[in-house]
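J.: Okay, here's the prediction I keep looking at, along with the sequence it came from:
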Amino acid sequence: MCRKTNDGYYEFVGKCLIAMPGIQDCRFDRSVILICSHSKDGSMGFVLNHPVEKSAFRSILQELKSYVDPIIKQKDIQIFRGGPVEQGRAFVLHSLDYSSINTATVGSICGVTCTLDALKWLTNKKSHARSFLAFGYAAWSSGQLEREITENYWLTVEATSILVFDTPYSNRYNKALGMLGVREATLSSIIGHA
């Protein structure tokens, strides 16, 4: 459950949203979203389980000529559609064994860095950091996320590094539900006030 902060807002950073079956936005169908920032001004996070075709990623890397060979040849990294906002912008979500002055941390779960140096370092064979790449992010205006949760668009669960990095993306939705003791078959597709 989410707790209220001193300023009266619920703390969602470090939580995962789990899309309910009746969510009206098909871009978030069966989504698990890690919330990375939340304040009175709004919220943002990354979808953890909607992959991008490898071929699309390779074509993007062709534009980054000095980074193409090291990245493609050294590691097979997971790439996700992080959300519908700024879809051309790449974010590296990674374990906390990598950090730079540009890294924002999400509790003790992960870091988020959006520099090419981070991408190059994390794809190096010597790196043991767990990581993936997200293009774009999900965002909510002030109070929007709270309203959507009240109207049963989302369930919330505490994020863990196991869910974020170690669970195969195709199982993250069911794993997140299981952390609440819920199965998808028992969820109602009717959205509205509880």
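T.: Yep, that arrived.

J.: The nearest residue to Ala104 once chain neighbours are set aside: how many residues sit nearby?
T.: Distances taken as CB to CB, 6 or more residues apart in numbering put Val112 closest to Ala104, at 4.9 Å, once the chain neighbours are dropped. The C-beta positions use only the backbone N, C-alpha and C, and glycine is treated the same way. For Val112, the number of neighbouring residues by other CB atoms under 10 Å comes to 23.

J.: Let me know the pLDDT of Arg3.
T.: Looking at Arg3, its pLDDT is 47.

J.: Equivalent analysis for Val68, please.
T.: Val68 is assigned a pLDDT of 46 by the prediction.

J.: Flag the helix or strand of this protein with the lowest per-element mean pLDDT.
T.: helix 65-74 (a mean of 48; mean pLDDT, DSSP states H and E).

J.: List the buried residues of stretch 35-44.
T.: Buried residues in stretch 35-44, defined by neighbour count with 16 or more other CB atoms under 10 Å: 35-38, 43-44.

J.: pLDDT (mean, whole number) over it?
T.: Across stretch 35-44, pLDDT averages out at 94.

J.: Just the residues contacting it, thanks.
T.: For stretch 35-44, contacts defined as CB atoms under 8 Å, 6 or more residues apart in numbering pick out 7, 9-17, 45-46, 85, 104, 106, 112, 137-142, 144-145, 159.
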